[in-house]
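1. got a structure for you, letters missing:
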C-alpha cells in the first residue's frame with residue numbers, strides 16, 4: 001500500500017509570496033515598457049529614414065523626367081541636372097552607409113581593431129587637421145589639452161576618429177560664423193574625459209534627452225547648407241559603448257553646447 005508523503009510547511013509565507021509576485025509584476029511591466037519604447041524608436045527611425053530617402057529620390061526622378069522631355073539634349077542643358085542627381089545620390093549613399101554602420105554596431109557584428117593609442121597625440125593630430133580644413137575657416141578653433149598628458153586609451157583608431165568627426169561636425173552645424181569650437185581633454189579619476197564645446201546656438205533642455213536617439217535632429221538649430229543623416233550622435237554613442245565609454249551633453253540654449261565622453265585609460269608601458 002502506497003504511503004502518503006508527510007505534509008511539509010512551505011518555506012515562504014503568504015506575505016513573502018505576495019511580495020515576490022509584486023516584484024515579478026513590476027519587472028514584467030518594466031520589460032513591457034522597454035519593449036514598447038524600443039518599438040516606438042524603431043517606428044520613428046523607419047519613418048525618418050523613409051522621409052530622408054523619399055526627398056532625394058524625388059529630386060532625381062524629376063531631373064530624369066526633365067532631361068527626358070528635352071527636345072534637344074546637350075551637355076550645357078543637362079549639366080545642372082546631372083550635378084543635382086550626383087549630389088542626391090551622394091546623400092543617399094551617405095544615409096545608407098550610416099544605417100548599415102549603426103545596425104552593425106547595435107548588432108555587435110562590427111569588426112573592431114583595438115589598440116592602445118596615446119590620446120594626447122591623436123587629439124592634437126585631429127585638431128591640426130581641422131585647422132587646415134577650409135570647412136572650419138569661419139570658426140575659432142581652440143585646443144585645450146595639458147602639455148604633459150602621457151595616457152593611452154584602448155580603441156579602434158578609425159572608429160575613434162569617427163567619434164571626433166561626428167562631434168566636430170555637430171559643433172559646426174549648431175554654431176555660426178565667428179563662434180568658437182574647443183577640443184579639450186583632462187584626467188578625471190580613473191578615466192579621461194574628452195570634450196568638444198561650441199559657443200553656438202545651443203540646445204533646449206527638453207531636447208537634450210533625445211539627441212542621442214537615431215534620426216533625431218534639432219531642426220531649429222541646424223546651420224543651412226550642412227547636410228545630416230541624423231544618425232551621427234547615435235553612432236557616436238554606440239561606438240563609445242564598444243570602448244566601455246559614455247557620452248553626455250551639457251547645453252544652454254543661446255550660449256552653446258559641450259559634448260563630453262569618458263574613456264578608461266592606461267599608462268604607456
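-> It's in. Predicted model only: the values in this text are computed from it and were never measured. Residues are numbered from 1 along each chain as shown.
2. my guess is residue 249 contacts residue 210, does it?
-> No: contact between residue 249 and residue 210 fails when scored by CB atoms under 8 Å: they sit 10.5 Å apart. C-beta: built from backbone N, CA, C; applies to glycine.
3. and those two? which has more neighbours close in?
-> residue 249 (16 against 12; other CB atoms under 10 Å).
4. so which helix or strand takes in the more buried one?
-> strand 246-252 (DSSP states H and E).
5. Show me what that strand is packed up against.
-> With contacts taken as 3 or more CB pairs under 8 Å, 6 or more residues apart in numbering; DSSP states H and E, strand 246-252 sits against helix 205-208, helix 232-242, strand 256-264.
6. how about 6 Å then?
-> On a contact count with 3 or more CB pairs under 6 Å, 6 or more residues apart in numbering; DSSP states H and E, strand 246-252 meets strand 256-264.
7. Quick one: name whatever helix or strand follows the helix ranked longest in the chain.
-> Looking across the chain with DSSP state H, the single longest helix is helix 14-68. Once helix 14-68 ends, the next helix or strand along the chain (criterion: DSSP H and E) is helix 75-106.
8. Which positions in that next one come out as buried?
-> 81, 84, 85, 88, 91, 92, 95, 98, 99, 101, 102, 105 (16 or more other CB atoms under 10 Å).
9. how near is the last one to residue 135?
-> Here the distance between residue 105 and residue 135 works out to 26 Å (CB to CB, to the nearest Å).
10. Could you do the fourth one as well?
-> When distance is defined by CB to CB, residue 88 is 21 Å away from residue 135.
11. Would you mind measuring the gap between the ends of stretch 240-254?
-> Using CA to CA, to the nearest Å, one end of stretch 240-254 lies 28 Å from the other.
12. what's in contact with it?
-> If you take CB atoms under 6 Å, 6 or more residues apart in numbering as the criterion, stretch 240-254 is touched by 112, 155, 202-204, 208, 237, 257-264.
13. Closest one of these to residue 69?
-> Using CB to CB, the shortest approach to residue 69 within the contacts of stretch 240-254 belongs to residue 203, at 45.1 Å.
14. ok, that closest one - how many residues close by?
-> By other CB under 10 Å, neighbour count at residue 203 equals 21.
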